[in-house]
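Predicted model and sequence follow; I will ask about them next.
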Amino acid sequence: MAQYLFAAFIDLLIAAIAISKTRTLTSWAYACLAACFASWSVELFFLSAIDDPDKLRPLFQTFRIGMFFIPPVCATYCWAFVGARSRNFPRFVILPSILTTLVSSLASVTCCPSALRSVEAGYLPAIDPTYYVFISNVIVTLLLSIGFVVIDHRRQTERQKRRTNWLLFALAVGLTTGLASIAFMPTNTYLSKLVGTGSSIAIVTSLFYPTIRNHVMDLKLAIAVWSSRALVLGFFLVSFIWISAGFREQSKSLGGTLAILALVVLALETYPLVIRRIVPGAKRLTGSGNYDIFDVKRMYHQRLVGCASLGALTSQLDELLLRTVGLNDYHFFVLPRKDQWPADPVNSPVKVVRLERRPELEVTPLGRGGVLMKDEIPDPAFRDAMRQVNAGACLCVVHQHRLSAVLVIEGRNDGRYYSYDDIRLFEWLAEEMSCMLDRLEIYRELECELYEAKKRLSLLTVMNHYHHDIKAPLAIIDGIVSQQLYDSEKQRKIILEQVELGSKLITTMAGILKGKRQRQVVRACLDEVLRDCLFLFQKNLADSTIELDGALVVSGDVDDLKIMFVNLIKNALESSRDGQGRGIQVRAWRERECIKVSVADQGTGIIPERLHRIWDEPFTTKPQGNGIGLQAVKRIADEHQATVAVRSEPDRGAEFVLSFPAASQAMPAEEIA
């Protein structure tokens, strides 16, 4: 008899868990259905436990109402499960079932109460019209519910179909056990443990899993997981019974009671640890999973936190998605900021920025985070793009209530659909990448500020070497005035020349060294930029060769170009002086659609072993150098879409050749600097 109360407790407990997991219409309908089954179990308990018919009858009539409401509540659950889309479902299934239930319930309580007949195990309701009405309501409601669910199944997405398959399976179990219970109702078997307890627990537990999961694992994986859990639980129960039997004599004492309580606590603490070890092995044994999701999440959380660049993030994504999960490929895109989206984001496609070796797409903001399967995406253009690359899902990374990135995922290597662990891992990855992209944005801003500081530091080094060039005009003026050299006219002419020279030096240096600013891309005359830079080093260019063709126009930031050329010229002069060369060579010319600039020296050169990595780290051949200048050169060249080629031989000097794309003629002439 106690098994009925146990079944009722299990039903109510599972209902509470379902509501705590997901507060949706489906979960509430499921909770009501579980409560109806609990009411039925309590009814069976009273029928088998109370011997007095007069005391039994009011309790029986009260809790029997819960059993009558099983068909309409089950139909409501099915309707909510498939998304409450069908208008005919409530009209032809739910409402007729509710009316039938209300009429039969009122009739059973008032005018046509069911008589109770005594059997060996207790009491059973007599076979009367209420019995046949209930049977008809159960059969018709379940068959119509299954029919509507099958019709809706054809229009569902792949993920919904997997959940619906479980619903159909649970409905089939419910129909089978319900018919069995109804068939056994006239006999004593109706009060057996198998019919009452087994039917209730089987139906409620089979509906529990698809209710709380957005994506349901395949049948083989479910069998592996639940079989392993059942075996472990059975082992613990048998062990507990066997061990507690040894304390039977001492159970009445305080020590025996404490020992049993300690045994229970030990079992509760050990059970999840054993499950963590057993379930992954069961998955691998059945071929349903090749990794433990908890270990993978813990390991890659630490790795993703340590990523400081997009290259490092891509490397970890390759390791996680391609090797651990076993995907064919993936495509990673980051979307523009929301203030850069079109005015009508619903109808206007958003251009996606390519981060890695992936084709560019035009997608509409999806408006939600998490994982979307291919057939769940609302934008037809995006679905077509995913179909072209054989993608099956996409991860929508949402940060600060905006869609910030999209990770398009292709299928698995083995051709199987994504497993339940795969979906959970994708959802976790979408949340992790939200924080990751925020950190990378901060890193990028810091990196830009660092490179800007390095450029300024490289120029400060130049000015430290040539600050006397600025003081020289002032010294000449001071000498002429203090010693009264030359006549007044010649003094005036020399002073004006030195003032003009000093003013030009100060203007040039101030323009290069001014503080943080916005880059201004204009059509710049490269020959004029080079002349301004060479002017800073005019005293050291006596033995040098300068060949500058005219009208060499490129698109770029004039101040950044000056920083780059000042560093190259300074390095060339210092290398020539250290190598006792005869000067440097600076050339600029046009070659087809490119503007080329060459800065060569006759110094010590660069050894071949170090030539290939001069851009990878701060590189210098000077004892007091720090290598920041070359890093500034490389970054500025990249910003101007220019290539830098280095040719060098030991003791024969080095040559840096920069190749710029020629400026477009569409830019207005007044923007030439």
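Great, that's in hand.

how far is the helix ranked longest in the chain from where the chain is centred?
When the chain is scanned for its longest helix (criterion: DSSP state H), the result is helix 420-465. When C-alpha coordinates are averaged (Cα atoms, centre = their mean, to the nearest Å), helix 420-465 and its chain have centres 18 Å apart.

list the helices and strands that helix packs on?
The contact analysis (3 or more Cβ pairs under 8 Å, 6 or more residues apart in numbering; DSSP states H and E) places helix 420-465 against helix 293-305, helix 310-317, strand 370-373, strand 391-399, strand 402-410, helix 488-513, helix 558-578, helix 628-639. Using the backbone N, CA and C atoms, a C-beta is placed for each residue, glycine as well.

Out of the ones you listed, which gets the lowest mean score?
Mean pLDDT is lowest for helix 488-513 out of these, coming in at a mean of 73.

Helix or strand next in line after that one, which one?
Remark: after helix 488-513, the chain's next helix or strand is strand 522-525, criterion DSSP states H and E.

So which bits of that next one are buried?
Buried residues in strand 522-525, counted by 16 or more other Cβ atoms under 10 Å: 522, 523, 524, 525.

doesn't residue 553 make contact with the third one?
Think residue 524. Yes - if you go by Cβ atoms under 8 Å, residue 524 and residue 553 touch, sitting 7.0 Å apart.

Helix, strand, or coil at residue 384?
Using DSSP: H, G, I helix; E, B strand; the rest coil, the secondary structure recorded for residue 384 is helix.

What separation is there between it and residue 130?
According to Cβ to Cβ, to the nearest Å, residue 384 and residue 130 sit 58 Å apart.

Distance check, residue 575 against residue 430.
From residue 575 to residue 430 the distance is 52 Å (Cβ to Cβ).

Give me the neighbour count for the nearest residue to residue 424 once chain neighbours are set aside.
Setting aside the residues directly before and after it, residue 424 is nearest to residue 293 in space (Cβ to Cβ, 6 or more residues apart in numbering), at 6.0 Å. Counted with other Cβ atoms under 10 Å, the neighbours of residue 293 add up to 18.

hang on, isn't residue 293 packed against residue 423?
No - the criterion here is Cβ under 8 Å, and residue 293 misses it with residue 423 at 10.1 Å.

how far out from the middle of the chain is the host helix or strand of residue 199?
Following DSSP H and E, one finds residue 199 within helix 199-212. Relative to the chain's own centre, helix 199-212 is displaced by 32 Å; criterion: Cα atoms, centre = their mean.

related to what we said a few turns ago, for the longest helix of the chain, give the mean pLDDT please.
Taken as a whole, helix 420-465 carries a mean pLDDT of 76.

now swap in stretch 45-64 and tell me
For stretch 45-64, the per-residue pLDDT averages 84.

now swap in stretch 527-540 and tell me
The pLDDT scores in stretch 527-540 average 82.

Next: stretch 143-159.
Mean pLDDT, computed over stretch 143-159, is 85.

do the same with stretch 98-113
Per-residue pLDDT over stretch 98-113 has a mean of 86.

could I get it in PDB with only the CA atoms?
Output of stretch 98-113 as PDB, limited to C-alpha atoms (Å, rounded to 0.1, in the frame of the first residue of the first chain):
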ATOM      1  CA  ILE A  98     -12.800  19.100 -20.500                       C
ATOM      2  CA  LEU A  99     -16.600  19.100 -21.000                       C
ATOM      3  CA  THR A 100     -16.700  15.300 -20.800                       C
ATOM      4  CA  THR A 101     -14.500  15.400 -17.700                       C
ATOM      5  CA  LEU A 102     -16.700  18.000 -16.000                       C
ATOM      6  CA  VAL A 103     -19.900  16.100 -16.800                       C
ATOM      7  CA  SER A 104     -18.600  12.700 -15.600                       C
ATOM      8  CA  SER A 105     -17.100  14.200 -12.500                       C
ATOM      9  CA  LEU A 106     -20.300  16.000 -11.500                       C
ATOM     10  CA  ALA A 107     -22.300  12.900 -12.300                       C
ATOM     11  CA  SER A 108     -20.000  10.700 -10.200                       C
ATOM     12  CA  VAL A 109     -20.200  13.000  -7.200                       C
ATOM     13  CA  THR A 110     -23.900  13.900  -7.400                       C
ATOM     14  CA  CYS A 111     -26.500  11.800  -9.200                       C
ATOM     15  CA  CYS A 112     -24.500   8.700 -10.400                       C
ATOM     16  CA  PRO A 113     -21.900   7.900  -7.800                       C
END
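
between the helix or strand harbouring residue 13 and helix 199-212, how big is the angle?
Residue 13 belongs to helix 2-21 when assigned by DSSP H and E. For helix 2-21 against helix 199-212, the angle by axes from the mean of the first three to the mean of the last three Cα atoms, to 10 degrees is 10 degrees.

Show me what helix 2-21 is packed against.
Secondary elements touching helix 2-21 (3+ Cβ pairs under 8 Å, 6+ apart): helix 25-49, helix 199-212.

Okay, buried residues for the last one please.
The reference is to helix 199-212. For helix 199-212, the neighbour count (16+ other Cβ under 10 Å) marks 199-201, 203-212 as buried.

Identify, from the residues you listed, the entry nearest to residue 57.
Nearest to residue 57 out of the buried residues of helix 199-212 is residue 200 (Cβ to Cβ; 22.7 Å).

what's near enough to touch that closest one?
Taking Cβ atoms under 8 Å, 6 or more residues apart in numbering, we find residue 200 in contact with 7, 8, 11, 37, 38, 40, 41.

Could you measure from it over to residue 63?
13 Å.

Quickly list what's touching both of the two.
Taking Cβ under 8 Å, 6+ apart as the contact rule, residue 200 and residue 63 both touch residue 40.

which stretches of the stretch 251-400 of the chain have low pLDDT?
251-256, 282-290, 335-369 (pLDDT under 70).

The residue nearest in space to the middle of the chain: what's its closest spatial neighbour, skipping adjacent residues?
Centroid-nearest residue in the chain, with Cα atoms, centre = their mean: residue 430, separated by 1.8 Å. In space, and not counting its chain neighbours, residue 430 is closest to residue 395: 4.5 Å by Cβ to Cβ, 6+ apart.

number of nearby residues for that neighbour?
Around residue 395 there are 22 other residues, counting by other Cβ under 10 Å.

and if you look at residue 474?
Neighbour count for residue 474, taken as other Cβ under 10 Å: 12.
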